[in-house]
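Undergrad: build me a model:
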Amino acid sequence: MATGRTHRPATRSRGIPEATVARLPLYLRALTALSERSVPTVSSEELAAAAGVNSAKLRKDFSYLGSYGTRGVGYDVEYLVYQISRELGLTQDWPVVIVGIGNLGAALANYGGFASRGFRVAALIDADPAMAGKPVAGIAVQHTDELEHIIESNGVSIGVIATPAGAAQQVCDRLVAAGVTSILNFAPTVLTVPDGVDVRKVDLSIELQILAFHEQRKAGEETPEAGAPATSGRAAAVAAAAEAAAAADRKGPDGDVPAVMPA
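TA: A predicted model of the protein is given here:
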């Protein structure tokens, strides 16, 4: 099986729009569920409903893959699973490193969905010397002093940052300098990267704050008491949860994770 450092997905060279690329994993998840139930074919309407998009958009997305289905029959489920997996680069091995093994990093290390999609957690890295050697998800945590060696020896091109915000940019810079070209960032901060490096940001607190906004809108008919902020009890609770989510990962399995990682 090929490794992530020797091959890149062909989506850009084939001109597939980023919005379509973002929907391909949704189609793949729905198709995988159908495959597990031994469903041989699926119509565009059924698959679109399962993926949460409209059927016209689905058909347009699939046209970029050169897949048009069969009138009256639909799409071959197994072939579409193969097509989308190939386009996303999931038919090969992608070694991944996770940096920052606090509560969030440990949860990511234990997530079984990585391996099932071709992402192999090659190493877990943390700045706390007390964490070095401790097993998390069956993998011994290594110190950040070994980061560059780990990247090179494992042929890693994808890094996951789950550190506190103050450490994230320094970690990012070291990952990029070591040869990582794709980063999944869970730290609540915006990263600066050079051209040719892709960053995807996941901020749980932002998502919770967006939910708080919608909760407030739903409860808009409730009139606040004089002098009280115009926020519903539910919205306030969700907003408080957002703040807790942002702060929770400052604690690792055995205490505080250092705010700054050593160079």
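Undergrad: how many neighbours does the nearest residue to residue 100 once chain neighbours are set aside have?
TA: Sequence neighbours aside, residue 163 is the residue nearest to residue 100 in space, at 3.5 Å (criterion: C-beta to C-beta, 6 or more residues apart in numbering). (C-beta placed from N, C-alpha, C; glycine too.) When counting by other C-beta atoms under 10 Å, one arrives at 33 neighbours for residue 163.
Undergrad: check residue 25 too.
TA: As a measure of burial, residue 25 has 14 neighbours, counting by other C-beta under 10 Å.
Undergrad: name the helix or strand for it, please.
TA: Using DSSP states H and E, residue 25 sits in helix 18-36.
Undergrad: check which residues of that helix are buried.
TA: Buried residues in helix 18-36, defined by neighbour count with 16 or more other C-beta atoms under 10 Å: 20-21, 23-24, 26-28, 30-32, 34-35.
Undergrad: which SSE is immediately downstream of that helix?
TA: Assignment by DSSP H and E places the next element after helix 18-36 at strand 41-42.
Undergrad: show residues contacting that following strand.
TA: Applying C-beta atoms under 8 Å, 6 or more residues apart in numbering, the contact partners of strand 41-42 are 31, 34, 73-77.
Undergrad: of these, closest to residue 159?
TA: Comparing the contacts of strand 41-42 against residue 159 with C-beta to C-beta places residue 31 closest, at 28.3 Å.
Undergrad: distance check, the closest one against residue 75.
TA: According to C-beta to C-beta, to the nearest Å, residue 31 stands 8 Å off from residue 75.
Undergrad: now do residue 21
TA: 19 Å.
Undergrad: could you do residue 127 as well?
TA: 47 Å.
Undergrad: now the nearest residue to residue 23 once chain neighbours are set aside: which helix or strand?
TA: Leaving aside its sequence neighbours, residue 23 sits nearest to residue 61 (C-beta to C-beta, 6+ apart; 5.8 Å). Element membership for residue 61, per DSSP H and E: helix 55-64.
Undergrad: same deal with residue 81?
TA: Secondary structure assignment for residue 81, by DSSP H and E: helix 77-87.
Undergrad: neighbouring contacts of that helix?
TA: 9-11, 16, 24, 27-28, 31-32, 34-35, 39-42, 62, 65, 67, 91, 118.
Undergrad: restrict the helix holding residue 25 to CA atoms and write it as PDB.
TA: Extracted C-alpha coordinates of helix 18-36, given in PDB (Å, rounded to 0.1, in the frame of the first residue of the first chain):
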ATOM      1  CA  GLU A  18     -13.600  22.700  -2.900                       C
ATOM      2  CA  ALA A  19     -17.300  22.700  -2.000                       C
ATOM      3  CA  THR A  20     -17.700  19.400  -3.800                       C
ATOM      4  CA  VAL A  21     -14.600  18.000  -2.000                       C
ATOM      5  CA  ALA A  22     -16.200  19.000   1.300                       C
ATOM      6  CA  ARG A  23     -19.300  16.900   0.500                       C
ATOM      7  CA  LEU A  24     -17.500  13.800  -0.700                       C
ATOM      8  CA  PRO A  25     -17.000  12.500   2.800                       C
ATOM      9  CA  LEU A  26     -20.800  12.900   3.500                       C
ATOM     10  CA  TYR A  27     -21.600  10.800   0.400                       C
ATOM     11  CA  LEU A  28     -19.000   8.200   1.400                       C
ATOM     12  CA  ARG A  29     -20.400   7.900   4.900                       C
ATOM     13  CA  ALA A  30     -23.900   7.300   3.500                       C
ATOM     14  CA  LEU A  31     -22.600   4.900   0.900                       C
ATOM     15  CA  THR A  32     -20.600   2.900   3.500                       C
ATOM     16  CA  ALA A  33     -23.800   2.500   5.500                       C
ATOM     17  CA  LEU A  34     -25.600   1.200   2.500                       C
ATOM     18  CA  SER A  35     -22.700  -1.100   1.600                       C
ATOM     19  CA  GLU A  36     -22.800  -2.600   5.100                       C
END
